[in-house]
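1. Generate a structure from the sequence data that follows.
(chains A and B)
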Amino acid sequence: MSTIVLLLVTGLGLGALYFLVASGLSLIYGLMGVLNFAHGSFLTLGAFGGWFVARTLGADSWGVFALSLLAGAVVGAAAAALTELLLIRPLYERHIEQVLVTVGLSLASVALFEGMWGSDPEFISGPAWLKGTTDLAGAPVPNDRFVAIAAAALVLGAIVLFLRRTRYGLVIRAGVENRSMVTALGIDVRKAFTLVFAVGGAAAGLGGVLASQYFGYVSPHLGGSLLIFAFIVTVIGGLGSLTGAAVASVLVAVLQQFANYYLGYGDLIVVLLLALVLLVRPTGLLGRAAA
Amino acid sequence: MTTQTAPPAPATPADDAPRAERTVRRAPSGTIVRTVAGLALVVLLACLPLLAIHVPGVLPGPTYTPGALQMMALCWLIGALALSYHLLFGVAGLLSFGHALYFAAGVYGLAIVLDTTEIPLLPAAALVLVGGIVLAHVVGAISLRVTGISFAMVTLAFAQAGNVLVRRNPGGATGGEEGLALATANVPDALVGVLNTRNLYWLALGVLVVVYLVVLWVERSRAGHVAAATRENEVRVRVIGGRPYLVKLLVFVLAATLATVVGMAYLLLQSGAVPRATSADFTLTLLVMVVLGGVGSRWGAIVGGVLYTILDQRLGTLASSAAVADLPAVLRVPLSEPLFLLGTLFVLVVMFLPGGIAGAASRLAARRRPREDREGARERLEEVA
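-> So this is what the prediction gives:
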């Protein structure tokens, strides 16, 4: 029983990380039709931003931890917004070229991070409580899992509120539905593009700081390893669907944890799940139309 | 697929493939000249191991030395691999992020068969080839159920599964992160050892020529025309009775088979398999090569592959040179990372040089119609979406 609880909570924590990456991917794809390969780099950059803040101010207080989360989100948002303005916008409506540019950016940025910080993982520390465990139904659950789950839930809530209750959220939702109609009504969708990139980048940067706590280190390859699973989550959930991404994150991560523990091949099971979902429902769990 | 109403008559998409038609129409005048020039080039390249040509900065030594031959052979193999990716991406418009899987199937498949069994090289290669074809059929049949970006992601996921499998080292078969050395017991002596690098060079060149001829044949065949037409307008192909799914699967499997062949030659040349050959980054570099050379151009893909390999190999030397080491950190750090320079170059080519090297060359050759070529290359990219 305690093993199952432990696997479940750990899976939920991992799912929270997947969701933080996949939510941005899904939003960006839904609005702009761009699959952002550089999203992993935003996450890595956020992780290093948080690490830098924590190292400069001393890592063991809660205030600094909150500050490093903020720094990660800000760095991720800034990197994403800059990417959109400088690289994506000039290639307006050329989706494949936009994807190719993000591919080039991801290759170049990972190499640059390696040059700047070395390719070896940099071990990090945080508030002492994060390293401890809490007993949950007899299972010693690492505390950083709870933080990741709470953060992902908050981000999900915040994004949903933003989309439902604000004017820009309305524009974004309308843009996902029918972009040419929104443009025809005289609304500048390009601002919404930058905004969506910034929101996605902030979520990824936040995910980067949390992932570095989850894994215990930062490295230039942190983003790339999470990005692949975030892609799988996005396809299983249905491209462009935020709720789908949330459901699929939890599903994929929990399945992965259980399969890793009992069979040892969790990553392969996830790919099989992807194949199965595509065979039964090519649009993903909550997707609307085939991309 | 729902093409049950398709009449048995084979599709003739002549009016649906204006670009393909243009090449055919232009062919007779230049065909003989181009064939002769191509043959002469192959003969010249085949003679390189017997000559002593210095190319400072590009090759590590004169062309007859094993180091230079090894590098040139690597260029030809990567060029051939880029060409097989061109068949997938440039001809059929299938943006796959999992092409490395079939290359890795060749590399690791042959390495494992030679390592664990007593089968001689040629039957072993045939066995691996069959395995690669079966793998490509299964993965292709599943991933072609979706199109566009979803297809890209699904192929990526399958390639990632292969990567995980190789790294996990099931049953000690793949050697995990260490990789697997080539077991030379059943390989002919002529293909083993530094002294025989020239034989491997000729093998690599032969693989490149064979891959080129196969790609040329596919592009000129009916299936190739239907594939090109599907890239341009899939619905229309279906309306006139074509079977886009089958043709796409055919091209997918053919490209994968070629990649498997290249992978086996790569194993012999590098005398070992490393997990990097299975990684998603490796497929991305293939995409970089094809786009660098010019999407939709056969020789562009080869030039892109060769140029990428040279840059990848030689930029490392540049990075460790004294001229770079003396620079301030702001310049030294980016310059010492070959992949950073290549990635940046790629972004610049995509943004400012649509059509890549081939597009730029044809613009230089025919100044009269620069707009058309530029737009043509852009269209070709967009058709994939």
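2. ok, so what distance separates residue B:138 from residue B:148?
-> 21 Å (Cβ to Cβ, to the nearest Å). For the C-beta atoms, the positions are set from N, CA and C on the backbone; glycine is no exception.
3. quick one: which of the two has more around it?
-> residue B:148 (19 against 11; other Cβ atoms under 10 Å in any protein chain shown).
4. At the contact with chain A, which residues of the stretch 101-250 of chain B appear?
-> Proximity of the stretch 101-250 of chain B to chain A, by Cβ under 8 Å from any Cβ of the partner chain, involves residues B:142-143, B:145-150, B:152-154, B:156-158, B:160-161, B:164-165, B:168.
5. give me that answer again for 7 Å
-> By Cβ under 7 Å from any Cβ of the partner chain, the residues of the stretch 101-250 of chain B that approach chain A are B:142, B:145-150, B:152-154, B:156-158, B:160-161, B:164-165.
6. Now intersect those residues with the strands, please.
-> When these are checked against strands (DSSP state E), there are no matches.
7. Kindly provide the whole-number mean pLDDT of the host helix or strand of residue A:16.
-> For residue A:16, the host element (DSSP states H and E) is helix A:2-32. Helix A:2-32 comes out with an average pLDDT of 88.
8. Which parts of the stretch 51-200 of chain A are strands?
-> A:122-123, A:133-136, A:139-142 (DSSP state E, counting those that start in this stretch).
9. Now render these as a markdown table, adding distance to chain B and mean pLDDT.
-> Output for the strands of the stretch 51-200 of chain A, formatted as a markdown table (distance: least, Cβ to the nearest Cβ, whole Å; pLDDT from 0 to 100):
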| stretch | distance to chain B | mean pLDDT |
| --- | --- | --- |
| strand A:122-123 | 16 | 80 |
| strand A:133-136 | 28 | 76 |
| strand A:139-142 | 24 | 79 |
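10. Adding distance to residue B:67 and mean neighbour count, write those strands out as JSON lines.
-> Shown next, in JSON lines, are the strands of the stretch 51-200 of chain A (distance: least, Cβ to Cβ, whole Å; neighbours: other Cβ atoms under 10 Å in any protein chain shown):
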{"stretch": "strand A:122-123", "distance to residue B:67": "36", "mean neighbour count": "14"}
{"stretch": "strand A:133-136", "distance to residue B:67": "55", "mean neighbour count": "13"}
{"stretch": "strand A:139-142", "distance to residue B:67": "51", "mean neighbour count": "18"}
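11. Could you export those as JSON lines, including distance to residue B:209?
-> Output for those, formatted as JSON lines (distance: least, Cβ to Cβ, whole Å):
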{"stretch": "strand A:122-123", "distance to residue B:209": "48"}
{"stretch": "strand A:133-136", "distance to residue B:209": "62"}
{"stretch": "strand A:139-142", "distance to residue B:209": "58"}
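12. contacting residues for the nearest residue to residue A:54 once chain neighbours are set aside?
-> Distances taken as Cβ to Cβ, 6 or more residues apart in numbering or on different chains put residue A:68 closest to residue A:54, at 4.6 Å, once the chain neighbours are dropped. By Cβ atoms under 7 Å, 6 or more residues apart in numbering or on different chains, residue A:68 lies in contact with A:50, A:53, A:54, A:209.
13. can you give me how far stretch A:273-280 is from the chain middle?
-> Counting by Cα atoms, centre = their mean, to the nearest Å, stretch A:273-280 is centred 22 Å from the centre of its parent chain.
14. and the helix or strand bottoming out on mean pLDDT in chain A, what does it pack onto?
-> Lowest by mean pLDDT, DSSP states H and E among the helices and strands of chain A is helix A:128-131, with a mean of 74. Applying 3 or more Cβ pairs under 7 Å, 6 or more residues apart in numbering or on different chains; DSSP states H and E, we find helix A:128-131 packed against helix A:143-165.
15. pLDDT averaged over the helix it packs on - what is it?
-> According to the model, helix A:143-165 has a mean pLDDT of 88.
16. what's it packed up against?
-> Going by 3+ Cβ pairs under 7 Å, 6+ apart, helix A:143-165 lies up against helix A:2-32, helix A:128-131, helix A:167-177, helix A:189-215.
17. tell me the most buried of these?
-> helix A:189-215 (a mean of 26; mean count of other Cβ atoms under 10 Å in any protein chain shown).
18. and the angle for that helix with helix A:167-177?
-> Between helix A:189-215 and helix A:167-177, the angle comes out at 100 degrees (axes from the mean of the first three to the mean of the last three Cα atoms, to 10 degrees).
19. any idea of the angle helix A:189-215 forms with helix A:2-32?
-> 160 degrees.
20. Relative to the whole chain's centre, how far out is helix A:189-215?
-> 7 Å.
21. So for residue B:339, which of the helices and strands packed on helix A:143-165 sits nearest?
-> helix A:189-215 (20.8 Å; Cβ to Cβ).
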